[in-house]
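*Asks:* just the structure for this:
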Amino acid sequence: MIKISEILSTVFYIGRLPLAPGTWCSFIAFLSWYFLRSHIEGVFILYASLVLFFVGVAVTTIYSESIGEEDPSVIV
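*Replies:* Residues are numbered from 1 along each chain as shown. Next up, the predicted model:
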């Protein structure tokens, strides 16, 4: 479970990039939205965002507690 939370909280290890990992993650999120927006209804995006938010909170809590840091910089 810790390995899965590490993969998800670092967004498939993008958070471990040495240069601007948060910027890269934002760029990937934008590209995902851009290519999926015409195929997915607006209400679904709202619900998916809510689910992903709560999953993100859960996995980042698990991962940060497992490595013993309060605010790890690898979590994006």
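*Asks:* make it CA atoms for all contacts and neighbour counts henceforth
*Replies:* Fine.
*Asks:* let's check: the centremost residue of the protein is which one?
*Replies:* The centroid of the chain falls nearest to residue 11 when counting by Cα atoms, centre = their mean (4.7 Å).
*Asks:* now do it, the pLDDT please.
*Replies:* The model reports residue 11 with a pLDDT of 89.
*Asks:* which residues are in contact with it?
*Replies:* Residues in contact with residue 11 (Cα atoms under 8 Å, 6 or more residues apart in numbering) are 25, 75-76.
*Asks:* quick one: which of these has the most company?
*Replies:* In terms of neighbour count, residue 75 stands highest of the contacts of residue 11 at 22 neighbours, by other Cα atoms under 10 Å.
*Asks:* circling back: quick one: secondary structure of the residue nearest to the centre of the chain?
*Replies:* Here residue 11 is coil, with the state taken from DSSP: H, G, I helix; E, B strand; the rest coil.
*Asks:* for the chain, which spans come out with low pLDDT?
*Replies:* Applying pLDDT under 70 to the chain flags no residue at all.
*Asks:* mind listing the helices for it?
*Replies:* Along the chain, counting by DSSP state H, helices occupy 2-9, 21-36, 42-67.
*Asks:* distance from the centroid: which residue in this protein tops it?
*Replies:* Computed with Cα atoms, centre = their mean, the residue of the chain farthest from its C-alpha average is residue 38, at 22.1 Å.
*Asks:* need phi/psi at that one.
*Replies:* Per-residue torsions, residue 38: phi -80, psi -10 (degrees, to the nearest 10).
*Asks:* ok, it to residue 21 distance?
*Replies:* Separation of residue 38 from residue 21 (Cα to Cα, to the nearest Å): 27 Å.
*Asks:* quick one: the closest residue in space to residue 7 that isn't next to it in sequence from residue 47, how far?
*Replies:* Spatial nearest neighbour of residue 7, chain neighbours left out: residue 13 (6.1 Å); criterion: Cα to Cα, 6 or more residues apart in numbering. Relative to residue 47, residue 13 is positioned 25 Å away (criterion: Cα to Cα).
*Asks:* count of neighbours near residue 5?
*Replies:* 21.
*Asks:* need the contact list for it.
*Replies:* 59-60, 62-63.
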